[in-house]
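Student: pasting the sequence and the predicted model now:
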Amino acid sequence: MEDNITSYYPISLCHNCIPAHYLEVFGLRTQSLPFDWLLSPSYLSIDYAVELIDTNFKYFLSNLEYNHEGIVVSGCFPNVKFWHHDLLRNSSNYGDRLENSEANQILAFERRAKRFMNLISSKNVFFINVFQNRHARLYKEATFFWNSVDRLTQLLERKKVTFQLMIVIYDDADFDLDETVKPRCLHHNVYIRKFVRNTRINPYFGCENEFRKILQEFFPLVMQKNKIHQQTSQFFKAEKFVKIV
């Protein structure tokens, strides 16, 4: 690694809330950002980020509607769910300690989008994306995903963003990362890591210690568990919380 990664600001980049959750747990999340609590098919997540960054989030909140599950989506991005937020009824089932959960939800997401764009234009950033192993092993989905990664790195370079990108490929059981990824020519700022989620430990976020090891490689000096998160983490034990896949 050419740069000191600890000087980079870590940012969740989908496909679900695993990155934001663990950044919160280990005290690395200090601002609410647009991708923190969204849910998308994992192979589409980077493409979604590319579209938003390239357009300065112009269509992020356009044509909001309920999908067939009763979850709010944008009509421009029907595969991406506002998993914890009902922007049409202005309600949330997750108390974000970094932002007033009773505030207008649409305005809150607009602020998060602006905050994101300001961050990537003013700071060194370390993006974290999680990619499901089952999608990584399917030719069509994997090809689309890795092509999207190439598009993202090219876009960030055009915008003169100083960045690192970590792709965390995960599954609920152990797997061969080399077999999943196979030889790929990736941008020199892209890292690939493996996460065995192990839902026997936690049905949503898996093994905390395993994700700690991944983050600790890049942020060794700031890995003390954030005590503030202890209260908010109790939410994820509620029966109403649906398993993230």
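Tutor: Now that the structure is in, tell me what you want to look at. Residues are numbered from 1 along each chain as shown.

Student: ok now stretch 206-214, how far from the chain's centre?
Tutor: 16 Å (C-alpha atoms, centre = their mean, to the nearest Å).

Student: buried ones in it?
Tutor: Neighbour-count burial for stretch 206-214 flags 206-208, 210-211, 214 (criterion: 16 or more other C-beta atoms under 10 Å). To be clear about C-beta, it is placed using only N, CA and C from the backbone, and glycine gets the same treatment.

Student: residues contacting that stretch, please?
Tutor: The contact list for stretch 206-214 (C-beta atoms under 8 Å, 6 or more residues apart in numbering) reads 18, 22, 25-26, 166, 168, 170, 172, 193, 195-199, 201-202, 205, 223.

Student: what number of residues lie near residue 27?
Tutor: Neighbour count for residue 27, taken as other C-beta atoms under 10 Å: 16.

Student: ditto for the one 10 residues further on
Tutor: Using other C-beta under 10 Å, residue 37 is surrounded by 24 other residues.

Student: that one is in contact with residue 94, isn't it?
Tutor: Yes - look at residue 37 against residue 94 with C-beta atoms under 8 Å: they come within range, at 6.2 Å.

Student: can you pull the contacts of the residue nearest to residue 57 when sequence neighbours are not counted?
Tutor: Nearest residue to residue 57 in three dimensions, chain neighbours excluded: residue 113, at 3.9 Å (C-beta to C-beta, 6 or more residues apart in numbering). Contact analysis of residue 113 by C-beta under 8 Å, 6+ apart lists 34, 52, 57, 60.

Student: between these, which is nearest residue 155?
Tutor: residue 52 (10.6 Å; C-beta to C-beta).
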